[in-house]
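In: please find the sequence and the predicted model below.
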Amino acid sequence: MNEPAGQTVDSFTDRFGALRWLAVAAIVIGFDQWTKLLIIENFAEFDSVVLLPVLEFMRLHNEGAAFSFLAGASGWQRWLFIVLGIGVSIGIAVWLYKLPARGQSLLAAALSLVMGGALGNVIDRVRFGYVVDFIRVHYEQWYFPAFNIADSAITVGAALLILDSLLYAKSGAGS
């Protein structure tokens, strides 16, 4: 195989490098679905248990998106969010496949977390017609919207995408 001067290619890593990042997404999906199963088996909707003065588990059903966006719509939003989640995940899988095998770990980790979270919530929407949320953070009368492991993975992944963009711009690679 002819390679440009100064470049070496590990064909296994190049060909299957994305698989390790897809495995990260699969782990996120598995952990998300396992925690939701525990909640479904042990809590009726609106049942809760206080873990700390600022943290509780409460089973909630979210028919909308983040922060219950479109939760009051007539049902069409379920299919919109399923299509969006699958579409974003396919796009991320292609992006991961096209990333260089080395040197893009932060970006790949970020994409994997977003993909795993998106598909975790898609599974809920397909199975139940809503997403199971159960983590509630609050202080006195202030409550942050309930969320789940998939939402956390999406949030951390988005933060890592921003960090990767900032590091990329700072390195001068963006100019």
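Out: Cool, got the structure.

In: please make it C-alpha for all contacts and neighbour counts, starting now.
Out: Noted.

In: just say helix, strand or coil for residue 132.
Out: Here residue 132 is strand, with the state taken from DSSP: H, G, I helix; E, B strand; the rest coil.

In: and it, what are its bridge partners?
Out: Following DSSP bridges, residue 132 is listed with bridge partners residue 61.

In: again with the one 10 residues further on
Out: Applying DSSP bridges to residue 142 yields these beta-bridge partners: residue 139.

In: where does this structure dip in pLDDT?
Out: Counting by pLDDT under 70, the chain shows low-confidence ranges at 1-15, 67-74, 173-175.

In: do a quick rundown of the helices in it.
Out: For the chain, the helices defined by DSSP state H occupy 11-42, 76-98, 105-128, 149-170.

In: in stretch 148-161, what's buried?
Out: For stretch 148-161, a neighbour-count test (16 or more other Cα atoms under 10 Å) marks 148-158, 160-161 as buried.

In: now the residues you listed in a markdown table, please, with extra columns for distance to residue 111.
Out: Below are the buried residues of stretch 148-161 laid out as a markdown table (distance: Cα to Cα, whole Å):
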| residue | distance to residue 111 |
| --- | --- |
| 148 | 18 |
| 149 | 16 |
| 150 | 13 |
| 151 | 14 |
| 152 | 13 |
| 153 | 10 |
| 154 | 9 |
| 155 | 11 |
| 156 | 10 |
| 157 | 6 |
| 158 | 8 |
| 160 | 9 |
| 161 | 8 |
